[in-house]
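Chemist: here is a sequence together with a model predicted from it:
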Amino acid sequence: APEDGFLRSMVLVESGATSLSLIVDDMGIHYDASRPSRLEHWIQAGPDWCDAAMRARARRLIDQIVRLRLSKTNLGQPLDRSVLRPGRRILIVDQTRGDASIAGGLATESTFDQMVETVRALEPAAQLIVKRHPAVAAGRKQGCISASNLSGTTLIDTDIAAPDLLDQVDGVHVVTSGLGFEALLRGLPVHCHGLPFYAGWGLTRDQLTTSRRGQTRDLETVVAAALIAYSRYVDPVTGQRCE
């Protein structure tokens, strides 16, 4: 069955919004690191197809996504900056309980609490900001980070525009969240505690590895693979397929 692409819609997925980007993978699926996927293949084979012109196109795409402040679902209110403290800030990204990408990324729900403890040890002086998934904020799903493990953190459980938050932090910790990919587009250091599609290529700090990855790929190659070669798009005005 088709999966949502990485630039999906203007409203929350769980609200039934029509997806403007879809993925059909004939090998596996991008969020399942236990086996190969077509996206992993595109990234591995980058030197064979991602030439200078394609990499330049990917760089223009990255710059445009950042300039237009786009994210996967493009929703959320502006960030209330009164929650921010001066100094270093680290974003910790929660996900929804039962999300297939958690097990697919070779992690478990307990990985989230371990992630919080790791960040506490690595960043004792930083403001730790925990972002719940928008579906959790909307009351539709449950998160993975234990409520008892939120002590001393700044919890954002309202619907906040992702680019607003990424603008205000110095680093990002995820398990497998796509927000880590969006953080890479904005030049932020990203630490992965699971194995999402963008981990294992030298762009992130990784807790886990797979023998199928390990080659160094630049951000332009990963973006060309994920957003240009792998995803299919529908023009929201005409309803026709587009690039």
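Modeler: Sure thing, it's come through. Numbers count the residues shown, from 1 in each chain.
Chemist: excluding chain neighbours, what is closest to the residue most central in space within the chain?
Modeler: The centroid of the chain falls nearest to Gly178 when counting by C-alpha atoms, centre = their mean (1.6 Å). Spatial nearest neighbour of Gly178, excluding adjacent residues (C-beta to C-beta, 6 or more residues apart in numbering): Lys72 at 5.7 Å. (Glycine included, C-beta is placed from N, CA and C.)
Chemist: how near is the one you found to Asp51?
Modeler: Distance from Lys72 to Asp51, counting by C-beta to C-beta, to the nearest Å: 28 Å.
Chemist: next one: Gln240
Modeler: For Gln240, the distance to Asp51 - C-beta to C-beta - is 28 Å.
Chemist: more neighbours: those two, which one.
Modeler: Each of Gln240 and Asp51 has its neighbours counted (other C-beta atoms under 10 Å); Asp51 has more, 12 against 8.
Chemist: tell me the contacts of Gln127?
Modeler: If you count contacts by C-beta atoms under 8 Å, 6 or more residues apart in numbering, Gln127 has them with 84-85, 87-90, 154.
Chemist: 6 Å instead?
Modeler: 85, 89 (C-beta atoms under 6 Å, 6 or more residues apart in numbering).
Chemist: for it, what are phi and psi?
Modeler: With angles defined as degrees, to the nearest 10, Gln127 sits at phi -80, psi 120.
Chemist: which strand residues bridge it?
Modeler: Counting by DSSP bridges, Gln127 is bridged to Arg89.
Chemist: on the pLDDT front, check it for me.
Modeler: At Gln127, the pLDDT value in this model is 98.
Chemist: likewise for Val11?
Modeler: 61.
Chemist: next secondary structure after the helix or strand that contains Ala135?
Modeler: In this structure, Ala135 sits in helix 134-137 according to DSSP states H and E. Sequence-wise, the next helix or strand downstream of helix 134-137 (DSSP H and E) is strand 154-156.
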